[in-house]
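# output the structure for:
(one chain, ligands or ions: 1)
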Amino acid sequence: MNRHSILAAVFLAVLPAAQGAAQDTPDSLVAAAKRAAGRDYAGTFLRICVAPDNLTARNPPSTVVPDRATWYAKPYKVFDNLYFIGTRIHSAWALTTNDGIIIIDTNFSYAIEPEMVDGLTALGLDPRTMKYVLLTHAHGDHDQGVALLQSRYGAKVVMGAPDWESTLQRPATAPGGVPKRDIAVGPEGLKITLGGTTVEAIFTPGHSPGTLSFIFPVKDGGRTLTVAYSGGTAFNFPRLKENFAIYRDSAVRMNAAATAAGATVLMTNHTEFDGAYDKARIAQLPRSADEKHPYESDVRTVQRYFEMLRDCAEAQRLTMQ
Ligand SMILES: [Zn+2]
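A predicted model of the protein is given here:
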């Protein structure tokens, strides 16, 4: 091989990636994200790609409890081992194991007693058997109740290390109080096993500096399905190029983890992103033998969610160049 053909071979080897990078524009990425979203994630696409959040639109935290009729949701058993105990807007879940309950996300403090404590009891579950509370991130809509669950039931609180740092700086008068530091998850992630059930925590910073996403098994009529639980969605962080790169890379990391685990169920912690409020109810209806659980899709559909997140974040990043 002469020098020219070696150069040509090298050039050809790197061409596809280089060409792809050169062709990506905000518009082409938004178009790719729209294709990835399809009909499955149209609302999420609209929220983060078409009209992304920004910090100036953010309201200060309010201590006013909204009218219960606007948020209260009944609790439901959604899978054999997974129970919805969230509001109409924010999801919280109880994952049951042979040795107690793993809670995934809490909620605003006003929702903790009526949705989580009373919800577990109404479903025939004993709140005193909760062993872990896994938090996707330290924002009030997902974490205000955690101090109460920790102090009352002795549940161990798990969250990303950077989100522990911000949590521990809160004043004691913060709504819902401040939890004591338990288990901090770093970039390497963590596996939590209880009663034969393992939840894998994936470090996916972006929405917050320590956002965690989770992979865990659920059972549907005895069949095991794998859930990819996306921990943070909106772009309500400082609009810096590096923040969008971090978010983009986390979407890629979670997509790889979901793919490796064969996840066919996509869940998020806001009901608007995964239809939890409706799906929890649809899951109560009788199904024919060939009907899937309302939450079950396929590996490719789960991948498309994270590709959409990746491309929406990269589109935003490129607008800053
Ligand atoms: Zn948040």
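# can you pull out the strands in the chain?
For the chain, the strands defined by DSSP state E occupy 76-79, 82-84, 93-97, 100-104, 130-134, 156-160, 183-185, 190-194, 197-203, 212-220, 223-230, 265-268.
# neighbouring strands of the second one in the sheet, and parallel or not?
Strand 82-84 has its sheet partners listed here by DSSP bridges as strand 76-79 (antiparallel), strand 93-97 (antiparallel).
# show residues contacting the first one.
With CB atoms under 8 Å, 6 or more residues apart in numbering as the test, strand 76-79 has contacts from 83-84, 123, 218-220, 225, 279-281, 283-284, 293, 295. (Glycine included, C-beta is placed from N, CA and C.)
# name the nearest of those residues relative to residue 140.
The nearest member of the contacts of strand 76-79 to residue 140, counting by CB to CB, is residue 84 at 20.0 Å.
# and the nearest residue to that closest one once chain neighbours are set aside, how many residues sit next to it?
Among residues not flanking residue 84 along the chain, residue 280 sits closest, at 4.2 Å (CB to CB, 6 or more residues apart in numbering). The number of residues packed near residue 280 is 25, by other CB atoms under 10 Å.
# residue 180 now?
What residue 180 shows, counting by other CB under 10 Å, is a neighbour count of 9.
# equivalent analysis for residue 319, please.
For residue 319, the number of neighbouring residues by other CB under 10 Å comes to 14.
# swap in residue 256?
Other residues close to residue 256 by other CB under 10 Å number 13.
# residue 147 too?
Burial of residue 147, expressed as a neighbour count using other CB under 10 Å, amounts to 24.
# that older thread, out of the strands of the chain, which comes closest to residue 312?
Using CB to CB, the nearest of the strands of the chain to residue 312 is strand 223-230, at 12.9 Å.
# restrict the closest one to CA atoms and write it as PDB.
Only the C-alpha atoms of strand 223-230 are listed here, as PDB (Å, rounded to 0.1, in the frame of the first residue of the first chain):
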ATOM      1  CA  ARG A 223     -43.400 -12.700  33.100                       C
ATOM      2  CA  THR A 224     -40.400 -10.600  33.900                       C
ATOM      3  CA  LEU A 225     -40.000  -7.300  32.000                       C
ATOM      4  CA  THR A 226     -37.200  -4.800  32.400                       C
ATOM      5  CA  VAL A 227     -37.800  -1.200  33.100                       C
ATOM      6  CA  ALA A 228     -35.700   1.700  32.000                       C
ATOM      7  CA  TYR A 229     -36.600   4.600  34.400                       C
ATOM      8  CA  SER A 230     -35.400   7.900  33.200                       C
END
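# which parts of the stretch 1-150 of the chain are helices?
Shown for the stretch 1-150 of the chain, the helices assigned by DSSP state H, counting those that start in this stretch span residues 3-23, 26-37, 42-45, 109-111, 118-122, 140-143, 146-153.
# circling back: now the residue nearest to residue 84: how far from residue 287?
Applying CB to CB, to the nearest Å, the value for residue 280 to residue 287 is 15 Å.
# what is the rounded mean pLDDT of stretch 82-100?
Averaging pLDDT along stretch 82-100 gives 97.
# mind checking the end-to-end distance for that stretch?
End-to-end span of stretch 82-100 (CA to CA, to the nearest Å): 12 Å.
# sorry, back to before: closest to residue 174 among the contacts of strand 76-79?
Once CB to CB is applied, the member of these that ends up nearest residue 174 is residue 84, at 26.2 Å.
# what bridges to that closest one?
Assessed by DSSP bridges, residue 84 has beta-bridge partners residue 76, residue 93.
# rank the helices of the stretch 1-150 of the chain by mean pLDDT and give me the bottom one.
Note on those: lowest mean pLDDT is at helix 3-23, with a mean of 48.
# and the strands paired with strand 82-84, which is most packed in?
A comparison of the strands paired with strand 82-84 by mean neighbour count, using mean count of other CB atoms under 10 Å, puts strand 93-97 on top with a mean of 23.
# how distant is that one from the center of its chain?
16 Å (CA atoms, centre = their mean, to the nearest Å).
# flag the shaky bits of this protein, pLDDT-wise.
In the predicted model of the chain, residues 1-22, 53-63, 321 satisfy pLDDT under 70.
# again, 80 this time
1-22, 52-63, 321 (pLDDT under 80).
# what distance do you get for the residue nearest to residue 161 when sequence neighbours are not counted to residue 247?
Nearest residue to residue 161 in three dimensions, chain neighbours excluded: residue 184, at 4.0 Å (CB to CB, 6+ apart). Going from residue 184 to residue 247 by CB to CB gives 21 Å.
# these two: who's more crowded?
Higher neighbour count among residue 184 and residue 247: residue 247, with 26 against 16, using other CB under 10 Å.
# quick one: residues contacting the more buried one.
205, 206, 207, 235, 237, 309, 313 are the contacts of residue 247 under CB under 8 Å, 6+ apart.
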